[in-house]
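>>> quick one: sequence plus predicted model below, questions after.
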Amino acid sequence: MNMYYKSAIGFILGLLLLSIIWPYKPQLIDDSKEPDFKTLESDEIFFNNTRILHYRTIENEDLNTAGFRVHRISKSLKDTSFNYFNFAIINHWKEDCAYIVLEPSNSSFFADTISITIGDTLMRISINRMDYKDHYNVASEIFKRSLNHEIPYSISDNDSSFLFGTKANTKINEITLKDYFRLIGKFR
């Protein structure tokens with residue numbers, strides 16, 4: 001009995017030491033591949049059973065008929081007095097697909113071309129001309145950089161501001177991105 005006890009303790013200490021030496025690093029999987037937006041049933045069940053509590057889900061008759069649900073995180077910034085963005089997840093449950101879209105706080109912001117800088121990358125986007133792949137590419141770049149603790153900024157007239165309005169809202173949008181990339185099986 002004493003030998004088994006020592007062996008078990010040694011095994012547990014070995015695993016603990018291994019986890020300290022070789023830490024887990026979350027990462028995007030196949031982020032360079034063309035997005036297909038497909039979700040697995042297991043990922044949808046995980047999202048609907050554990051993560052959905054943090055979201056406001058928009059459902060109405062027209063959306064249900066088409067098979068769509070729009071998820072916006074509940075704690076996101078809702079002040080429309082200044083310009084910022086939030087991400088929303090669009091789940092097309094009839095086709096087992098999920099999309100991510102960047103939504104401005106003010107509808108007049110749709111017409112403008114926006115410059116976004118994150119780290120050493122500069123992106124120029126026009127929200128009203130973007131399709132799902134464009135939204136995905138922007139979200140993928142922002143999420144990949146946020147894993148390295150880089151913060152996105154919007155640039156206009158030689159002035160920069162947080163893309164998501166505040167640091168707290170930036171963290172909330174990072175959670176939305178993490179949930180989305182888990183939902184489509186591209187984050188572990």
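That came through, no problem.
>>> any idea which helix is longest in the protein?
Assignment by DSSP state H gives helix 2-21 as the longest helix of the chain.
>>> and after that helix, which helix or strand comes next?
Scanning forward in sequence from helix 2-21 by DSSP states H and E, the next helix or strand is helix 41-46.
>>> give me the helices and strands touching that next one, please.
helix 167-183 (3 or more C-beta pairs under 8 Å, 6 or more residues apart in numbering; DSSP states H and E). Quick note: C-beta positions are derived from backbone N, CA and C, even for glycine.
>>> give me the buried positions along the helix it packs on.
Using 16 or more other C-beta atoms under 10 Å as the test for burial, helix 167-183 gives 169-170, 172-174, 176-183.
>>> tell me the contacts of residue 161?
Contacts for residue 161 (C-beta atoms under 8 Å, 6 or more residues apart in numbering) come out as 84, 153, 154.
>>> in strands, which of those residues fall?
Cross-referencing the contacts of residue 161 against strands under DSSP state E gives 153, 154.
>>> now tabulate the contacts of residue 161 in CSV and tack on pLDDT, distance to residue 18 and neighbour count.
Below are these laid out as CSV (pLDDT from 0 to 100; distance: C-beta to C-beta, whole Å; neighbours: other C-beta atoms under 10 Å):
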residue, pLDDT, distance to residue 18, neighbour count
84, 88, 43, 23
153, 92, 39, 16
154, 88, 43, 22
